[in-house]
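In: structure for the following, please:
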Amino acid sequence: MKQYRSLGDPLGGADVAPIDLFSAKEKQYEARLDELAAMVEARGGRVVARFIQRRGASDRWKQRPGGSLRMSQPFSRRTLLTHGKVREIAQARREAEIDAAVFVNTLTHRQRSVLSKTLGCLISSGEDLV
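Out: Numbering: from 1, shown residues only. So this is what the prediction gives:
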């Protein structure tokens, strides 16, 4: 892990990846990621990658009833994202030596704990930066 410039702020000097889970109905997800990236940079972090998980895009191809009703819900109560997306982020984190992941979405304590162990980095939410 890189040496932080500021010991008081864990994002100070850190390489950070903003992450967002959004509904396929939502069209302003890029603006949400841009806003989060600006908050990270204001705290001294450097945005090195962005990850998005789109909910509801593939439900229309499956024969499961109620797919559109689940569009605003997380894929997993443990990680918020799909297992494949978590693996993708974990691999990118190792390759790029990303120090922290900041989610646009609100995370529960359990989600933070599981994601921290799985990704091997600091996990926070956009509400923590406010």
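In: run through who's touching the helix or strand hosting residue 22.
Out: For residue 22, the host element (DSSP states H and E) is strand 15-23. The set of residues that contact strand 15-23 without belonging to it, under CB atoms under 8 Å, 6 or more residues apart in numbering, is 2, 29, 32-33, 36-37, 40, 45-56, 71-72, 74-75, 80-81, 89, 92-93, 96-105. To be clear about C-beta, it is placed using only N, CA and C from the backbone, and glycine gets the same treatment.
In: report the mean confidence score over that strand.
Out: For strand 15-23, the mean per-residue pLDDT is 93.
In: ok, that strand: who's next to it in the sheet?
Out: Note on strand 15-23: by DSSP bridges, its sheet partners are strand 46-47 (parallel), strand 51-55 (parallel), strand 100-103 (parallel).
In: what's next to the first one, contact-wise?
Out: It refers to strand 46-47. Surrounding strand 46-47, the residues in contact under the criterion CB under 8 Å, 6+ apart are 13, 14, 15, 16, 17, 18, 37, 40, 41.
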